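Colleague: Sequence first, predicted coordinates after that:
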Amino acid sequence: MVATSHSAFPAAADAEIGRNRLWVRIWLYAVTATLFALVLVGGATRLTESGLSITEWKPIHGVVPPLSAEEWAEEFDKYRQIPQYQEINRGMSLEEFKTIYWWEWAHRFLARGVGFVFALPLAFFWLTGRLESHLKPRLLGILALGALQGGIGWWMVASGLVERTDVSQYRLAIHLTIACIIFMATFAVARGLAPHSAGPAGEGTRRFAGWLVVAVLVQIYLGGLVAGLNAGLTYNTWPLMDGALVPGGLFVQQPFWINLFENPKTVQFVHRLGAYAVLALALAHALAVWRAEPASTHARRAALLFLLVVVQAAIGIATLLMVVPLGWALLHQGAALAVLAFATAHWRAARGPYPLPGRAAQGF
């Protein structure tokens, strides 16, 4: 009886931990789904030049859109004071303004929503003792990044309200990258709580998988610069760019390094090079894992990651050749998030799941 009691206790504790992990994982996947939608709406907001339609930062009051003709007229009048209206959209009708206003309002509404989707369940799981201690600093870090991201969003919008007709590409790329870091970190924690079908991979596989995540994130940052400069609307040929594999005029601005951030031709070319680099790294990783751990779960995941990168590259090329139609541009952005999510999941699976509390002390 005593032996049964002692053996049953860890099993019951493990079952409770498993149930808690399941609910926490479901919550975190819901957060990532909301983040995915938020990034896509943000992309649409940029592509439709809607991001400057709301000229004030009202974290609380701003959740309520204009509800009367007078309020719409007031919002439109504020927009007519900024350079984007005066230099680009002069003569825009109120109905046209409402279209761009709703894109930006939806983006801000989702941003507020993801804060609630994250913070309220976090408080519940924490206060009811359903969070393991090692998760708390990770989740607090993600929450802090989310708060910082809200400030960066307004910092980005503010760059286009006084002298520019659009937002700074520097700030846009930072805003997009931090959103992807939050998405990636949330996905990594959720994946670490999931049951794994295989044990940890070898050290080389784990390290390479981690660098692949970094490479995908850098490529997304470069894509943010492309979007910020509207660089995808020029040089819409492939594989040649401006009639050559390596076009001229890449470093015409001084100092030379500024071309990497402010010359649309250079920024697009570097983004192309980044795509080739990610593709080559994904292929090298898949081959390396297959040689080290043939036919393993990790090898199959590495091969699938390579295929996802190939699909994303094809979508990028098609988007460029069609001169960036809205639907294809959003598909390209969504596919980038899918690649980032899968690369993160692959890296986390290569490391193995989070250990059960107290298991090391019990010799497991």
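Modeller: Looks like it came in fine.
Colleague: And for residue 248, the neighbour number?
Modeller: Using other C-beta atoms under 10 Å, the number of residues around residue 248 comes to 10. C-beta here means a position set from N, CA and C on the backbone, and glycine is covered the same way.
Colleague: pretty sure it is in a helix, no?
Modeller: No - Residue 248 sits outside any helix when classified using DSSP: H, G, I helix; E, B strand; the rest coil, being coil.
Colleague: so what's it closest to, chain neighbours aside?
Modeller: Leaving aside its chain neighbours, residue 248 sits nearest to residue 242 (7.2 Å; criterion: C-beta to C-beta, 6 or more residues apart in numbering).
Colleague: And residue 145, by the same measure?
Modeller: With sequence-adjacent residues excluded and distances taken as C-beta to C-beta, 6+ apart, residue 145 is closest to residue 182, at 5.1 Å.
Colleague: Which neighbouring elements make contact with the helix or strand harbouring that neighbour?
Modeller: Secondary-structure element containing residue 182, defined by DSSP states H and E: helix 169-192. Counting contacts by 3 or more C-beta pairs under 8 Å, 6 or more residues apart in numbering; DSSP states H and E, the secondary-structure elements packed against helix 169-192 are helix 2-47, helix 135-158, helix 203-229, helix 259-262, helix 326-351.
Colleague: Let's have these in a markdown table, adding mean neighbour count.
Modeller: Formatted as a markdown table, the entries for the helices and strands packed on helix 169-192 read as follows, by neighbours: other C-beta atoms under 10 Å:
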| stretch | mean neighbour count |
| --- | --- |
| helix 2-47 | 16 |
| helix 135-158 | 16 |
| helix 203-229 | 20 |
| helix 259-262 | 17 |
| helix 326-351 | 21 |
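Colleague: Mind listing what's buried along the helix holding residue 182?
Modeller: Residues of helix 169-192 classed as buried by neighbour count (16 or more other C-beta atoms under 10 Å): 169, 171-192.
Colleague: Tell me which of the helices and strands packed on helix 169-192 sits nearest to residue 268.
Modeller: Evaluated over the helices and strands packed on helix 169-192, closeness to residue 268 peaks at helix 203-229, with 5.8 Å, by C-beta to C-beta.
Colleague: How about the residue nearest the centre of the chain, nearest residue that isn't a chain neighbour?
Modeller: Within the chain, the residue whose C-alpha comes closest to the C-alpha centroid is residue 180; the distance, by C-alpha atoms, centre = their mean, is 2.5 Å. Counting by C-beta to C-beta, 6+ apart, residue 220 is the residue found nearest to residue 180 once chain neighbours are left out, at 5.3 Å.
Colleague: Next: residue 221.
Modeller: Nearest residue to residue 221 in three dimensions, chain neighbours excluded: residue 177, at 4.6 Å (C-beta to C-beta, 6+ apart).
Colleague: cool, and residue 296?
Modeller: Residue 296's closest residue in space is residue 198 (C-beta to C-beta, 6+ apart), at 6.4 Å.
Colleague: Wait, the residue nearest to residue 221 touches residue 217, no?
Modeller: Yes - counting by C-beta atoms under 8 Å, residue 177 does reach residue 217; the two are 6.8 Å apart.
Colleague: about what we covered before: from memory the residue nearest to residue 145 sits against residue 146, does it?
Modeller: Yes - with the criterion set as C-beta under 8 Å, residue 182 and residue 146 qualify as a contacting pair; they are 6.0 Å apart.
Colleague: wait, residue 351 sits on residue 202?
Modeller: No - counting by C-beta under 8 Å, residue 202 is not a contact partner of residue 351; they are 11.2 Å apart.
Colleague: backbone phi and psi for residue 124, please?
Modeller: Residue 124 has phi and psi values of phi -60, psi -50 when expressed as degrees, to the nearest 10.
Colleague: And residue 274, how far from residue 260?
Modeller: When C-beta to C-beta, to the nearest Å is the yardstick, residue 274 and residue 260 sit 12 Å from each other.
Colleague: what's the answer for residue 308, then?
Modeller: Using C-beta to C-beta, residue 308 is found at 27 Å from residue 260.
Colleague: How about residue 167?
Modeller: As defined by C-beta to C-beta, residue 167 lies at a distance of 19 Å from residue 260.
Colleague: likewise residue 329?
Modeller: Taking C-beta to C-beta as the criterion, residue 329 is separated from residue 260 by 22 Å.
Colleague: Distance to residue 235 and mean pLDDT added to the helices and strands packed on helix 169-192, as a markdown table?
Modeller: Shown next, in a markdown table, are those (distance: least, C-beta to C-beta, whole Å; pLDDT from 0 to 100):
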| stretch | distance to residue 235 | mean pLDDT |
| --- | --- | --- |
| helix 2-47 | 18 | 83 |
| helix 135-158 | 26 | 95 |
| helix 203-229 | 11 | 96 |
| helix 259-262 | 14 | 97 |
| helix 326-351 | 16 | 96 |
